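> Based on what follows, work out the 3D shape:
(one chain, ligands or ions: 1)
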Amino acid sequence: MKITSAKFVCSSATVSGKPAAKMPEFAFIGRSNVGKSSLINCLCSNSRLALISSKPGKTRTANHFLINDAWYLVDLPGYGFAKAPQKEREAIEGVIRDYLNHSQELHELFVLIDSRHDLISSDADFLRELGESDIPFSIIFTKADKSGPVACRKQVDGILGQIEAIIGTKPTHFICSSLKGTGREEILDHISRQLSR
Ligand code: GDP
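Numbers count the residues shown, from 1 in each chain. Below is the predicted model of the structure:
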């Protein structure tokens, strides 16, 4: 899929604040610093697009970007902020839960995981809940350029084994580097196939 236009539309704390024009949605989530903003910018070939999401107030909301006037890329807040005050953690979890439980237009959720690190408890908890839901999801392993290809594949296989132990299956996955553009075409083609189903 070629991205011809990518526009920020709105930020919302609940699905009632989503854009009025309904379109298929593909959402992205992961722990803070996993590389989500970089990936969104890479997918959209716009180095500033996801900057919007990191503006004060926007890190706690679902941020909708209209892509090719045909679908929304939804940037969800990061989960598992161990150091954040409990009230803030609860507010963020509320936004995520509300979106995942009530968004009728969600076609697929992409869960970003750093390819260099084993799952931590917040990843495991999130994936367990996701596995018990009927939300379609895939995994995107980020920052693949930080290891050699063989080491990266070995680490990814290890994490996939950990995920399988939690949800009972190995999900569809993509290995990406926003720095090098690796995995970009595969993710966009995957979205394109989902849109034409
Ligand atoms: P976010 O908090 O999940 O939005 O993460 P960011 O996109 O802001 O990235 C966090 C850090 O990881 C930044 O310093 C990025 O430059 C770096 N980063 C993100 N993606 C990549 C990647 O594919 N390769 C490398 N080498 N660094 C990356």
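> Could you say which helix or strand holds residue 111?
Take DSSP states H and E as the rule and residue 111 turns out to sit in strand 106-114.
> residues in contact with that strand?
24-31, 34-36, 39, 71, 74, 99-100, 119, 123, 126-127, 130, 135-143, 159, 187, 191, 194-195 (CB atoms under 8 Å, 6 or more residues apart in numbering). Just so you know, the C-beta spots here come from the backbone N, C-alpha and C atoms, and that holds for glycine as well.
> restrict those residues to those near the ligand?
30, 34, 35, 36, 142, 143 (CB under 6 Å from any ligand atom).
> Just to be careful, could you list which of these are in helices?
Judged by DSSP state H, helices contain the following of those: residue 36.
> May I see the ones next to the ligand among the contacts of strand 106-114 arranged in a markdown table, with pLDDT as well?
Output for those, formatted as a markdown table (pLDDT from 0 to 100):
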| residue | pLDDT |
| --- | --- |
| 30 | 94 |
| 34 | 93 |
| 35 | 94 |
| 36 | 94 |
| 142 | 98 |
| 143 | 98 |
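> of the ones next to the ligand among the contacts of strand 106-114, closest to residue 10?
residue 36 (18.3 Å; CB to CB).
> where's residue 93 relative to residue 21, distance?
Here residue 93 is placed at a distance of 28 Å from residue 21 (CB to CB, to the nearest Å).
> How about the spatially most central residue of the chain, nearest residue that isn't a chain neighbour?
Geometric centre of the chain, nearest residue: residue 28, 1.8 Å, by CA atoms, centre = their mean. Spatially, and ignoring its direct neighbours in sequence, residue 28 is nearest to residue 110 (4.9 Å; CB to CB, 6 or more residues apart in numbering).
> Now stretch 171-182: buried residues?
For stretch 171-182, the neighbour count (16 or more other CB atoms under 10 Å) marks 171, 173, 174, 175, 176, 177, 178, 182 as buried.
> oh, I was asking about stretch 183-191
Buried, per 16+ other CB under 10 Å, within stretch 183-191: 183, 184, 187, 188, 190, 191.
> Starting from the helix or strand encompassing residue 9, tell me which strands it pairs with and how they run.
For residue 9, the element it lies in under DSSP H and E is strand 6-12. Strand pairing for strand 6-12, determined by DSSP bridges: strand 62-67 (antiparallel).
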